[in-house]
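>>> For reference, the sequence and a predicted model appear below.
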Amino acid sequence: MWRQGDETRVLIQSELTEEEIAKQGEDADEDDSEAALIDRWRRQVASHNAPFSWRVYSNNKAGALTSQPDIYSTIDLNKFPPDDENNSILDDDDEQVQRLTDNAIIIARTYDGLWKQLAGTKPVKVSDGEFYYSQPIATADGKWVVVSKEDVSLSKPTYIVRFNVRTGREFRVNLEPADEFTPSAFVVTQNKVLLRRAKNQHVPAKQGIGPDRPEHYLLDPATGETRLVTGEFTPLYQKGKRFLQPTDQPNEFWAAIPDENKKQTQVGRYNVKDFTFKSLLTVPHISFQSLSMWVDERQKKLYVVYEGQLLRLPLP
């Protein structure tokens, strides 16, 4: 949920009826003309989007339709049709597709390399050779993409590259490779990308490549400069269509850190300048992440979406 202006908005996913499910498999049009392919794609997108809607929340009910809150960043699927082999971004993992601008996206198709797609055109491969690309993170201005890269055989450790979207040039980040080396998040207030470098904990220690304890670095995508940082990073691992909700203080955001073992969640203030977390509330019995909650500071209320329910709790 989110509050924009005087309006509280909730994202609803409705269950498809048997008739709607049956219609999804009826698109058997064999016309292969360009116009027919585009029309077919638009019907597929409409079917994909049909269960989801943003609605005004009032009087403890989800009511009238409303627009998506400004803080959420989504891709207009209608703009990005499938390629000649009918591969589309509906087939790709959400984390492998990054929005560059309203009219451009980047796709890391693992074994198939790195692809760029402009609105109304087919995707074009922008990487050379046979390499495995994963976990792309795009900068806010859409000029750079930071992505994990490794040999397609997956027999060698992973390293990080910076991809210049405008020139198509790729630059390797000057850090030693590791078993697990991934871009974790774009830190908005610092205009940097957080990197996580670690050894594979599922192999004998002597066989693993990387530090015994995970390391974190802030990377400047434009220059390649890196800086080792320490602190709490769990809130930045939590993926979604928006960044964390800002508090009333600069560089500070509301965050939730779940503990599955204790079946509880810490809610508090998270500083992205020094990566510290100040817990204000422990919510027992349930586990949830930062993007499943919204904080009303004025009313001192915490809203949590949990297992299809909207919960409201007092906040200290």
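On my side now, so go ahead. Numbering: from 1, shown residues only.

>>> any weak-confidence spans in this protein?
Along the chain, segments meeting pLDDT under 70 span 21, 23-31, 204-206.

>>> Is residue 78 part of a helix or strand, or is it coil?
Under DSSP: H, G, I helix; E, B strand; the rest coil, residue 78 falls in the helix class.

>>> Next, count neighbours for the closest residue to it other than its chain neighbours.
Of all residues not flanking residue 78 in the chain, residue 45 sits nearest, at 5.4 Å (C-beta to C-beta, 6 or more residues apart in numbering). Just so you know, the C-beta spots here come from the backbone N, C-alpha and C atoms, and that holds for glycine as well. Taking other C-beta atoms under 10 Å as the criterion, the count of residues near residue 45 is 19.

>>> Give me the phi and psi for residue 45.
Backbone torsions for residue 45, taken as degrees, to the nearest 10, come to phi -60, psi -40.

>>> what sits up against stretch 5-16?
Identification of contacts with stretch 5-16 by C-beta atoms under 8 Å, 6 or more residues apart in numbering yields 1-3, 24, 50-58, 62, 66, 68-69, 305, 310.

>>> Buried ones from the residues you listed, can you make that a ChimeraX selection?
Buried residues among these (16 or more other C-beta atoms under 10 Å), as a ChimeraX selection:
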select :1,2,54,55,57,62,66,68,69,305
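
>>> Contacts only, for residue 3.
9, 294, 296.

>>> Same check on residue 277?
Residue 277 makes contacts with 232, 234, 235, 255, 257, 266, 268, 269, 270, 271, as judged by C-beta under 8 Å, 6+ apart.

>>> contacting residues around the residue nearest to it when sequence neighbours are not counted?
Excluding the flanking residues, the one nearest residue 277 by C-beta to C-beta, 6+ apart is residue 232, at 4.5 Å. Counting by C-beta under 8 Å, 6+ apart, residue 232 touches 257, 270, 275, 276, 277.

>>> Next step: those restricted to strands.
When the contacts of residue 232 are checked against strands (DSSP state E), the matches are 257, 270, 276, 277.

>>> mind putting those residues in JSON lines, distance to residue 210 included?
Converted to JSON lines, these look like this (distance: C-beta to C-beta, whole Å):
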{"residue": "257", "distance to residue 210": "24"}
{"residue": "270", "distance to residue 210": "26"}
{"residue": "276", "distance to residue 210": "25"}
{"residue": "277", "distance to residue 210": "25"}
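
>>> Farthest-apart pair in the residues you listed, please.
257 and 276 (12.2 Å; C-beta to C-beta).

>>> who's more crowded, these two?
Neighbour count, other C-beta under 10 Å: between residue 257 and residue 276, residue 257 has more, with 19 against 13.

>>> what are the bridge partners for the more buried one, then?
Per DSSP bridges, the residues bridged to residue 257 are residue 266.

>>> Same question for residue 195.
residue 183, residue 217.

>>> need the contact list for it.
146, 160, 173, 175, 181-184, 216-219, 226.

>>> how far away is the closest residue to residue 268 other than its chain neighbours from residue 269?
Closest residue to residue 268 apart from its sequence neighbours, by C-beta to C-beta, 6+ apart: residue 279 at 4.1 Å. Counting by C-beta to C-beta, to the nearest Å, the separation of residue 279 from residue 269 is 9 Å.

>>> So between those two, which is more surrounded?
residue 269 (17 against 14).

>>> gap between the spatially closest residue to the more buried one that is not a sequence neighbour and residue 249?
Spatially, and ignoring its direct neighbours in sequence, residue 269 is nearest to residue 278 (4.8 Å; C-beta to C-beta, 6+ apart). Counting by C-beta to C-beta, the gap from residue 278 to residue 249 is 11 Å.

>>> ok so, going back, any idea which of the ones in strands among the contacts of residue 232 is closest to residue 106?
Using C-beta to C-beta, the ones in strands among the contacts of residue 232 come closest to residue 106 at residue 270, 27.6 Å.

>>> what's near enough to touch the closest one?
Taking C-beta under 8 Å, 6+ apart, one finds 232, 235, 244, 252, 253, 254, 255, 276, 277, 278 in contact with residue 270.

>>> so can I have CSV of the residues you listed showing distance to residue 198?
As requested, those are arranged in CSV below (distance: C-beta to C-beta, whole Å):
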residue, distance to residue 198
232, 16
235, 18
244, 23
252, 27
253, 24
254, 27
255, 22
276, 21
277, 20
278, 26
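
>>> In helices, which of these appear?
residue 235 (DSSP state H).

>>> Top of the contacts of residue 270 by number of neighbours, please.
residue 255 (28 neighbours).

>>> Surely that one is in contact with residue 272?
No - taking contacts as C-beta atoms under 8 Å, residue 255 lies outside contact range of residue 272: 9.5 Å.

>>> between the two, what contacts are shared?
residue 244.

>>> Which stretches in the stretch 151-300 of the chain count as strands?
Secondary structure of the stretch 151-300 of the chain (DSSP state E, counting those that start in this stretch): strands located at 159-164, 170-172, 180-187, 192-198, 215-219, 226-229, 245-246, 252-259, 264-271, 276-284, 293-296.
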